[in-house]
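K.L.:
got a predicted model here, sequence first, then my questions.
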Amino acid sequence: MAVHTRDDHHRGVFTVCGSLGEISANRAALHVVHHTLAESAVPVVDDATLGVIPPLQPDLVDTPGDAVATFRRHIADASAVIIAAPEYAGSLAGSVKNALDWVVGSGELYEKPVGILSAGTSGGPFARQVLAQTLLWQGAHVVAQLGIPAPRTKSDASGAITDAATIEAIRAFVAAVLAATRLEPSARTLLSTQVAATVGASRSLTAPYPIEV
Ligand SMILES: Cc1cc2nc3c(=O)[nH]c(=O)nc-3n(C[C@H](O)[C@H](O)[C@H](O)COP(=O)(O)O)c2cc1C
């Protein structure tokens, strides 16, 4: 009899919160993500490096220091990555863009399934668009996306998300990311093209991999 294992997720999910705020809607969304992953017994590694990753220094991409090395290793070790990023001034939070720029040359995001979400006033359409575009550029597969507008109206006084529809949307988003880890790379490429198109990002705007930096 065949024995089914959880080896499709055995390396777990790496989660990145793009907000460094004390009370953060994106962190609150990630709490629901973590809870959902725990229910499925999927291991989680949560990023702790974003606030200490230095501005990209192109001369140091091969000797980047501990924070970048840890960030890269956690991407490499994960079956999937989930990024929750705020939208600032009509674009992706700079800290997230900067961290992802450190991975361009090292290639850990290549063919990696990535789920992207943005919680914030508008639901972060521009943050998701730029995030998808920069991920596609690195050859990542953008397999699920979610915007959470007006998060304060969906949260309690502590900032925890309490709105049932929002919690359900986050759970469906997590399920989509996990399902994508089981797809063949060619099927994931197709899915990624479709998901990216929903946020206005296109593979036709990306460079071929590998990218010279
Ligand atoms: C500097 C700054 C710029 C912002 N720009 C936008 C924006 O362009 N679009 C938007 O929907 N919200 C914008 N906001 C509001 C954020 O969506 C909101 O503060 C959100 O809760 C941030 O995420 P966090 O709670 O996880 O820190 C901005 C907030 C800050 C602090």
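P.N.:
That came in fine, so what should we check first? Everything quoted here is computed from the prediction, not taken from an experiment.

K.L.:
residue 142: what secondary structure?
P.N.:
For residue 142, the assignment made with DSSP: H, G, I helix; E, B strand; the rest coil gives strand.

K.L.:
for the nearest residue to residue 99 once chain neighbours are set aside, grab phi and psi.
P.N.:
In space, and not counting its chain neighbours, residue 99 is closest to residue 53: 4.9 Å by CB to CB, 6 or more residues apart in numbering. Yep, even glycine has a C-beta here, placed from its N, CA and C like the rest. Note on residue 53: backbone dihedrals following degrees, to the nearest 10 are phi -70, psi 120.

K.L.:
quick one: residue 53 and residue 69 touch, right?
P.N.:
No. Taking contacts as CB atoms under 8 Å, residue 53 lies outside contact range of residue 69: 10.3 Å.

K.L.:
quick one, which of these two is more surrounded?
P.N.:
residue 53 (22 against 14; other CB atoms under 10 Å).

K.L.:
can you tell me which helix or strand residue 123 belongs to?
P.N.:
Under DSSP states H and E, no helix or strand contains residue 123.

K.L.:
from residue 180, how far out is it?
P.N.:
22 Å (CB to CB, to the nearest Å).

K.L.:
show me what from the chain comes close to the ligand.
P.N.:
19, 21, 24-27, 86-90, 119-122, 124 (CB under 6 Å from any ligand atom).

K.L.:
ok so, going back, higher neighbour count, residue 123 and residue 180?
P.N.:
residue 180 (22 against 17).

K.L.:
need the pLDDT of the more buried one.
P.N.:
Predicted confidence (pLDDT) for residue 180: 98.

K.L.:
can I assume it is in contact with residue 144?
P.N.:
Yes. Counting by CB under 8 Å, residue 144 is a contact partner of residue 180 at 6.9 Å.

K.L.:
for the nearest residue to residue 138 once chain neighbours are set aside, what are its contacts?
P.N.:
Beyond its immediate neighbours in the sequence, the residue positioned closest to residue 138 (CB to CB, 6+ apart) is residue 109, lying 4.3 Å away. Contacts here follow CB atoms under 8 Å, 6 or more residues apart in numbering; on that basis residue 109 touches 75, 81, 100, 103, 135, 138-140.
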